[in-house]
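Enquirer: My questions concern the predicted model and sequence given below.
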Amino acid sequence: MSLTERKPELEAPIFEKSGVGRVGYHPSAAADACEPRLDASLLRDDLDGFPELSEPEVLRHYTRLSSLNFSAVTNFYPLGSCTMKYNPIVNDRMASLPGFCGIHPYAPTETVQGALELIRDLEHWLAEISGLGAVSLQPAAGAQGELTGIKIIRRWHLAQGNARSKILIPESAHGTNPASAALSGYDAVVIPTDERGLMSADSVKALLDDEVAALMVTNPSTLGLFEVEIAEIAKAVHDAGALVYMDGANMNALMGKAKPGDMGADILQFNLHKTFSTPHGGGGPGAGPVAVRRDLEKYLPGPRIAEKASAAEKQGLLYWDADRPDSVGKVRSFYGNFGILVRAYTYMLACGGDGLTEITEKAVLAANYIRAGLVGRYHLPYDTASLHEVVFTDKVQNAHGIKTLDIAKRLLDYGFHAPTIYFPLVVAGAIMIEPTESESVETLDAFIDAMLRIADEAENDPQRLHDAPETTPLARLDETRAARHPVLTWKRASEDIDDERDSQSAQPEKGA
Amino acid sequence: MRYIPHSTSDVERMLETTGVASVADLFASIPESLRETAGLALPDGLGEQEVVARLEALARRNRVLGTFQGAGSYNHFVPSVVHQVLSRSELATAYTPYQPEVSQGTLQICFEFQTYISILMGLDVANASMYDGASALAEAVLMSLRIGRKRSRILISDGVHPEYAAVVETYLDGFGRGVIERIPLGPDGRTDLGKLEKMMDGDVACVCLGYPNFFGVIEDLAAASAIAAKHKAIAVSATSEMLALALLKSPGDCGVDIAVAEGQSLGLPMSYGGPGVGLFATKREHVRQMPGRLVGETVDDEGRRGYVLTLATREQHIRREKATSNICTNQGLAAVAATVFLGLAGRRGLRALAAVNANRAEEVASRLESEAGLRRVFSGPVFNEFVVDEPGGDWFADAVEHGVVPGVRLGEMFPDRPEMAGRLLVTVTECNTTDQIDTLVRSLAARRAA
Amino acid sequence: MEIPSNLRYTKEHEWVRVEEDGTVTVGITDYAQEQLGDIVYVELPEVGDDPVSKDEPFAVVESVKAVSDVYAPVTGKVKEVNDELPNSPEAMNQEPYGDGWLVIMELEHSSELEDLLSPEDYQTLLNEVA
């Protein structure tokens, strides 16, 4: 393979393509100027810097930009902990039905009973999967679901008389866990990972005291391992008067196989963009519903869906009940990312209970298939049985001066998105692979083959890996330069670059 | 299951390679006592045709009405090119651009997005988006507490969207610092700056105003910011109708330090309130305290221009409990919609669209006054929404029967604010047809006649 | 790995130089900069009369993907900070013992100097961690 000739410029920013007097969307067909009848003192001069382009130019620009991306449709995308599964096209089509996307959040509830019914049913289905009593769909993402969960924990403890001050979090957890805890005033206390890659009941018990408000656990963990002592751990946590929060990021490993509620979880957040196939969208929008034990329902964000009970009041009519004095309050405006909820609902309707169970089975099978294909050539830090994902390291390749980053970049040349790398932090040089249920055995074979070839290259031609990627639109990018002298918005070439440098010297703001 | 490619023979082969006897054995690490045996009590799966029929039936139970409701979610037209770009799987099914060499599409769009938002806000830097306008305001308040390290008073105008203020309250619960106090409105519907002045001291971390505010009124943001600046407090503006900023003096020009907004008006449907896209911009000197993802320009090993995620050390995956926020993702695809929309409308279209909104709102307001005798409650200038006193009776339901939702009833929204009883917030956009406007005016005028 | 013989060191990989006027200059060691990689940003303490305590985190050094606290090696007031650093953080990589210095402090208890490591002891420490 020779170095592919790369283009000198991929696609200039839209601001450099602007003409004069063109417009791609205008409220009047003739694109007449329209002046507002507002007092001039309230108005800005112009939208200086905005481009002027016709509709086809804009379409081409963004279509060409899209072609520079790897995506789950175009490439195998085994990004660990992100569950990059197939996102059925019908989900998107249903979310754009006018009956769903054309309704206003404050529309009279009698006129939006279909939306309320969808929300109610989705809450019930997620409650069934979690083994918990009640669900709120309001949180906009997994991290916001975590924040909601922590607020609920705090409210519950306050009702017992003391908010407490600490939350126990395993070393391998997502960074959002300690960040969410800290936002609510809790100190994050780290639980060490043992030689199995697991959290031991003894290590948790050693940390428990009457200042611990909760344990925040991801199960299966970010290492793809089931926390086998979870029941004993949960009991100890409950005995200490604390709650168990479960991060449901990895629910794709559990559907129909085990319920968090049975493991002793009191609160759990789902990530609909992971387990329930809503598109990741290059970073969102997602949705992070929160499930709680029945007696914690009163703390869920409001309003909640309720049903008119008496015949006099239009029996059976669904409405939003805002009278929730114990609620933690709202975490976002309106009721959540409704368009995402429609997609997840569509997916669950298509799959059914048996289909979701099969999805979990095949996701776990695929991860173990990859594990079997790579073990021996890549270092496996923990030989505990894997569920939906498997974590390797670069330890074997280090002998040839090759690091995880080099392996990841070389995989791009073979047409695969890289796994999640350098996470979880508890494993040095981690390579975290989550294939999901969506990939055929031929694709998995091709990926394994590429990884084995890279292992060969690490021994025989390490420079090739240092130089990778060769075939992508750009070579490796200079992240140091981007961070040392941040250029965060487009500027005309004539605008002095010193502007950027001057402001660099500004000291971090120190308030009073 | 049509979404899974593994046939029975594939499964056998995979199990053999894996060295596991059966699929059930793959779950042997789950203790037996925790294993689910009954299966999930969910409906049986359906074929695509049945799924579509079920969803269409549900969607039909929602009535798509002509609406004069706004209040944070706006009925604006979405051009077809926006739909088309969002349907590109390359953008929709990619994730966080961790590998910039194969993510330049997402990254460059974020960079363009940051540029547009920075221009509209009149501030140096904007992030790659937040969940929504409400949580963006909560993040702005938390940021002001990081900047004003020892300060604790949070002043929020009564004109800030009530849901935004509620979210701020939720976020602050347990944070350890930050006490919310409300600044009342004056009779013109603007924040009472005389009262604000009296509330100020060296303990105020931030002053938050809506711009335009929840009642549609355009605040004197420059004067409010000047008052905040006098006491070295952070001035924050929160906008829920982003289209207004195509015309109005930018928050940055008015002297605010942090401007947040809901960007749903820019190319996203109402979709029963979500997803939208939170916007967040600030001055360069505060960039290290900013939450959320940022994309920066750089070069590759061969000198070509390219884009990467940058200044990531602020974020949770590196700083964990010391991060500026717990936010992980942005609203990726929703930010793409806004970027494409702003590119299409561009310098001329966006201002024209905003002007159409402002002028039609004014027309509707004057017709309501002349034909229905309903005067605007607040005298301050407005963009595309305004408040009138409702007539009595069940005229609202009648209007809905005629296919038009006349507005948002403020009495229901503010049960604790008696002065809001019987008031209606009316929003007018380019999507309201002449027929809808006639129906609105008729149903209000008829009630008066009756 | 450079370990100048005229400096004192800490276990946290900082160096301290006693100046003629009795103040001390503080920076991070060659080993520390190498471990961090390309340094992109530094947050310096405020110059002021409130003394910082020994072992208190008083500055932050960032590379692209890591953040590291810098701990005060001694107790004392911060007299001066290296204003050039925010503009050219690369100096910490290129000349950790020269232009890459962080702060100048006024020593509160000269006895604390005794607690610092000699170049030989620091070398021993590095041999252990390596």
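Expert: Nice, I can see it.
Enquirer: Low-confidence stretches in the stretch 251-400 of chain A?
Expert: A:311-313 (pLDDT under 70).
Enquirer: mind checking how far whatever residue of it ends up closest to chain C is from residue A:457?
Expert: Using CB to the nearest CB, the single residue of the stretch 251-400 of chain A nearest to chain C is residue A:398, 15.0 Å away. To be clear about C-beta, it is placed using only N, CA and C from the backbone, and glycine gets the same treatment. Counting by CB to CB, to the nearest Å, the separation of residue A:398 from residue A:457 is 15 Å.
Enquirer: For those two, indicate the residue with more neighbours.
Expert: residue A:457 (20 against 15; other CB atoms under 10 Å in any protein chain shown).
Enquirer: Find the nearest non-adjacent residue to the more buried one, please.
Expert: residue A:464 (5.4 Å; CB to CB, 6 or more residues apart in numbering or on different chains).
Enquirer: where's the one you found, which helix or strand?
Expert: helix A:462-467 (DSSP states H and E).
Enquirer: Does anything pack onto that helix? Which helices or strands?
Expert: The elements that helix A:462-467 packs onto, with contact taken as 3 or more CB pairs under 8 Å, 6 or more residues apart in numbering or on different chains; DSSP states H and E, are helix A:404-413, helix A:441-460.
Enquirer: Need the winner for burial among the ones you listed.
Expert: helix A:404-413 (a mean of 23; mean count of other CB atoms under 10 Å in any protein chain shown).
Enquirer: and the residue nearest to residue A:457, how many neighbours does it have?
Expert: Neighbourhood size, residue A:464 [other CB under 10 Å]: 17.
Enquirer: Residue A:130 - how many residues pack around it?
Expert: With other CB under 10 Å as criterion, residue A:130 counts 28.
Enquirer: Look up how far residue A:133 lies from the nearest residue to it once chain neighbours are set aside.
Expert: Of all residues beyond its chain neighbours, the one nearest residue A:130 is residue A:291 (4.1 Å), with distances taken as CB to CB, 6+ apart. Distance of residue A:291 to residue A:133, given as CB to CB: 8 Å.
Enquirer: who has more neighbours, these two?
Expert: residue A:291 (31 against 14).
Enquirer: and the more buried one, bridged to which residues?
Expert: Counting by DSSP bridges, residue A:291 forms beta bridges with residue A:135, residue A:268.
Enquirer: Just the element for the residue sitting nearest the centre point of chain C, please.
Expert: Closest to where the C-alpha atoms of chain C average out (CA atoms, centre = their mean) is residue C:27, at 2.6 Å. Using DSSP H and E, residue C:27 sits within strand C:24-28.
Enquirer: So which bits of the helix or strand following that strand are buried?
Expert: Moving toward the C-terminus from strand C:24-28, the next helix or strand (DSSP H and E) is helix C:30-36. If you call a residue buried by 16 or more other CB atoms under 10 Å in any protein chain shown, then helix C:30-36 has these buried ones: C:30, C:31, C:32, C:33, C:36.
Enquirer: Now residue A:354. Nearest residue, chain neighbours left out?
Expert: Going by CB to CB, 6+ apart, residue A:354 has residue B:45 as its nearest residue, at 6.5 Å.
Enquirer: Tell me the spacing between the one you found and residue A:366.
Expert: With CB to CB as the criterion, residue B:45 and residue A:366 are 20 Å apart.
Enquirer: who's more crowded, these two?
Expert: residue A:366 (30 against 20).
Enquirer: Report the contact partners of the more buried one.
Expert: A:435, A:436, A:437, A:439, A:444, B:6, B:14 (CB atoms under 8 Å, 6 or more residues apart in numbering or on different chains).
Enquirer: How many neighbouring residues does the second one have?
Expert: In other words, residue A:436. Using other CB under 10 Å, the number of residues around residue A:436 comes to 26.
Enquirer: can you map out the strands along chain C?
Expert: Under the criterion DSSP state E, chain C contains strands at C:8-9, C:14-18, C:24-28, C:39-43, C:57-63, C:67-71, C:76-81, C:103-107.
Enquirer: Looking at those, spot the one closest to residue A:210.
Expert: Evaluated with CB to CB, those place strand C:57-63 nearest to residue A:210, the distance being 29.0 Å.
Enquirer: For that closest one, output the C-alpha coordinates as CSV.
Expert: Only the C-alpha atoms of strand C:57-63 are listed here, as CSV (Å, rounded to 0.1, in the frame of the first residue of the first chain):
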residue,chain,number,x,y,z
PRO,C,57,-2.0,22.7,45.2
PHE,C,58,-1.3,26.2,43.9
ALA,C,59,-0.9,25.9,40.2
VAL,C,60,-2.2,23.7,37.4
VAL,C,61,-0.3,22.4,34.4
GLU,C,62,-2.2,20.9,31.5
SER,C,63,-1.2,18.8,28.5
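Enquirer: ok, residues contacting that strand?
Expert: For strand C:57-63, using CB under 8 Å, 6+ apart, the contacting residues are A:480, A:483, B:313, C:28, C:36-45, C:52, C:67-72, C:78, C:92, C:102-103.
Enquirer: which of the residues you listed count as buried?
Expert: A:480, A:483, B:313, C:28, C:36, C:38-45, C:52, C:67-68, C:70-72, C:78, C:92, C:102-103.
Enquirer: Name all residues that make contact with the closest residue to residue B:378 other than its chain neighbours.
Expert: Nearest non-adjacent residue to residue B:378, counting by CB to CB, 6+ apart: residue B:189, 2.7 Å away. Residue B:189 makes contact with B:159, B:213, B:215, B:216, B:217, B:377, B:378, B:379, B:380, B:387 under the criterion CB under 8 Å, 6+ apart.
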